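K.L.:
my questions are about this predicted structure, shown below with the sequence.
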Amino acid sequence: MSTKSPSTSHPSGSDGAEGTGPIVELRGVGKSFGNIRALSGIDLKVGTGEVTCILGDNGAGKSTLIKIISGLHEPSTGEYRVDGEPVRFTSPREALDHGIATVYQDLAIVQLMPVWRNFFLGSELTTGAGPLRRLDTGRMRTICDQELQKMGIEVASVDMPVQNLSGGQKQVLAIARAIYFGARVLILDEPTAALGVKQSGVVLKYVSAAREAGLGVVLITHNPHHAFLVGDHFVVIKLGEMELDRPRSELSLEHLTHHMAGGAELDALEHELERGQEPEADPSHGVGHGQT
Ligand SMILES: Nc1ncnc2c1ncn2[C@@H]1O[C@H](COP(=O)(O)OP(=O)(O)OP(=O)(O)O)[C@@H](O)[C@H]1O
């Protein structure tokens with residue numbers, strides 16, 4: 001399987017939301033686990049045809065946020081709206097029924113199964129009725145092939161096992177599958193975390209293609225460089241709270257990297273180090289520097 005420049009035509013299966021408001025909106029959302037407050041005061045809007053990047057360090061609350069949007073957790077506080085209507089999802093199935101699909105880092109794929117089998121995993125097409133009902137392998141193969149081609153993904157054969165694909169190609173397959181099955185909002189959980197530079201590039205190209213196809217994309221990442229390549233809006237979470245919330249027009253890569261690297265703390269440390277290098281004005285005060 002090789003990947004060429006993704007097509008920007010909208011794949012079958014969804015037409016995207018054409019409304020003017022956001023598809024997904026969180027208002028003051030928080031989540032606690034007993035005494036642990038994992039998230040608080042999260043405001044987020046995901047609109048059609050835009051990529052929102054969520055950045056944060058380990059333990060910042062990114063996974064908790066994904067789980068709320070994808071219907072695995074109910075928020076403890078605040079409001080979750082889809083297409084302007086308040087929702088209370090009690091399972092990922094309900095979120096999926098609203099067009100909110102999540103591609104997790106470990107991907108729901110079976111390595112030894114062929115590409116087409118993985119594409120339809122859990123939603124297999126059948127033919128015939130009653131005792132004669134069986135998998136419609138021919139139709140699944142054809143559709144899988146067509147859908148991958150629409151995304152600009154070339155597969156030598158959809159019959160080859162998924163384990164033969166590269167990490168980036170597996171991510172792209174999972175994205176194509178989510179789009180085919182009607183995703184309007186695509187949540188991508190660190191899709192480039194385990195990939196090298198080239199494979200990360202492949203995945204980011206398809207993130208961009210999903211946006212062009214009219215989907216709202218939520219990209220979770222540790223990597224400000226990857227985020228800045230495709231993002232329209234950036235949110236940095238720190239210790240469960242929003243530290244930064246800016247559109248691309250109000251942010252530079254340097255600014256974003258600075259925030260991710262610990263921003264304010266680094267400034268304070270730099271200041272302290274600089275002060276530490278200055279000669280003491282009055283040696284009678286504290287420990288003198290540069291003197292032993
Ligand atoms: N089910 C849970 N029970 C108790 N505490 C939890 C639970 N899930 C998350 N937490 C806590 O909430 C905080 C945020 O965790 P979360 O996994 O959302 O962070 P993260 O940003 O995804 O981190 P990482 O990048 O390491 O995956 C952490 O302090 C974590 O220990």
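P.N.:
On my side now, so go ahead. Residues are numbered from 1 along each chain as shown.
K.L.:
surely Gln169 forms part of a helix?
P.N.:
Yes: membership of Gln169 in a helix is supported by DSSP: H, G, I helix; E, B strand; the rest coil.
K.L.:
check contacts around the closest residue to the ligand within the stretch 101-250 of the chain.
P.N.:
Distances between the stretch 101-250 of the chain and the ligand by C-beta to the nearest ligand atom are smallest at Gly240, namely 6.4 Å. Heads up, the C-betas are built off the backbone N, CA and C, glycines and all. By C-beta atoms under 8 Å, 6 or more residues apart in numbering, the contact list for Gly240 reads 30, 37-40, 60-61, 64.
K.L.:
does the ligand have contacts with stretch 103-116?
P.N.:
No: applying C-beta under 6 Å from any ligand atom, one finds stretch 103-116 separated from the ligand by no less than 9.2 Å.
K.L.:
what comes up buried for that stretch?
P.N.:
For stretch 103-116, the neighbour count (16 or more other C-beta atoms under 10 Å) marks 103, 107, 109, 114-116 as buried.
K.L.:
between the contacts of Gly240, which has the least confident prediction?
P.N.:
Within the set of these, pLDDT is lowest for Ala60 (90).
K.L.:
so which helix or strand takes in that residue?
P.N.:
Under the criterion of DSSP states H and E, Ala60 resides outside all helices and strands.
K.L.:
kindly state the beta-bridge partners for the spatially closest residue to His98 that is not a sequence neighbour.
P.N.:
Residue nearest to His98 in three dimensions, not counting chain neighbours: Val82, with 4.9 Å by C-beta to C-beta, 6 or more residues apart in numbering. Taking DSSP bridges as the rule, Val82 bridges to Val24, Glu85.
K.L.:
what's around Val82, how many residues?
P.N.:
Val82: 22 surrounding residues under other C-beta atoms under 10 Å.
K.L.:
again with the one 5 residues further on
P.N.:
Val87 is flanked by 15 other residues according to other C-beta under 10 Å.
K.L.:
I figured it hits Gly99, correct?
P.N.:
No: taking C-beta atoms under 8 Å as the definition, Val87 is not a contact partner of Gly99, at 11.9 Å.
K.L.:
and the closest residue to Leu239 other than its chain neighbours, how many neighbours?
P.N.:
Closest residue to Leu239 apart from its sequence neighbours, by C-beta to C-beta, 6+ apart: Ala60 at 6.7 Å. Neighbours of Ala60 under the rule other C-beta under 10 Å: 21.
K.L.:
next one: Ala60 from Met113, what distance?
P.N.:
Using C-beta to C-beta, to the nearest Å, we find Ala60 at a distance of 35 Å from Met113.
K.L.:
then Asp267?
P.N.:
51 Å.
K.L.:
now swap in Ala213 and tell me
P.N.:
Counting by C-beta to C-beta, the separation of Ala213 from Met113 is 26 Å.
K.L.:
what does stretch 31-38 rub up against?
P.N.:
The contact list for stretch 31-38, computed with C-beta under 8 Å, 6+ apart, reads 30, 39-40, 61, 64, 68, 73, 75-77, 240.
K.L.:
ends of that stretch, what's the gap?
P.N.:
Across stretch 31-38, the terminal residues are separated by 6 Å (C-alpha to C-alpha, to the nearest Å).
K.L.:
ok so, going back, farthest pair in the contacts of Gly240?
P.N.:
Gly30 and Ala60 (14.1 Å; C-beta to C-beta).
K.L.:
quick one: Leu165 and Leu112, what's the gap?
P.N.:
12 Å.
K.L.:
what's the local residue count around Gly71?
P.N.:
Residues near Gly71, counting by other C-beta under 10 Å, number 22.
K.L.:
same thing with Asp57?
P.N.:
Using other C-beta under 10 Å, Asp57 has 15 other residues around it.
K.L.:
touching, it and Lys238? I think so.
P.N.:
Yes: checked against C-beta under 8 Å, the pair Asp57 and Lys238 is within contact range at 7.0 Å.
K.L.:
which residues of the chain fall in strands?
P.N.:
Taking DSSP state E as the criterion, the chain carries its strands at 2-3, 24-33, 36-46, 50-56, 77-82, 85-86, 100-103, 126-127, 134-135, 153-154, 185-189, 216-221, 233-238, 241-247.
K.L.:
shaky segments in the stretch 101-250 of the chain?
P.N.:
The model of the stretch 101-250 of the chain has pLDDT under 70 over residues 106-107.
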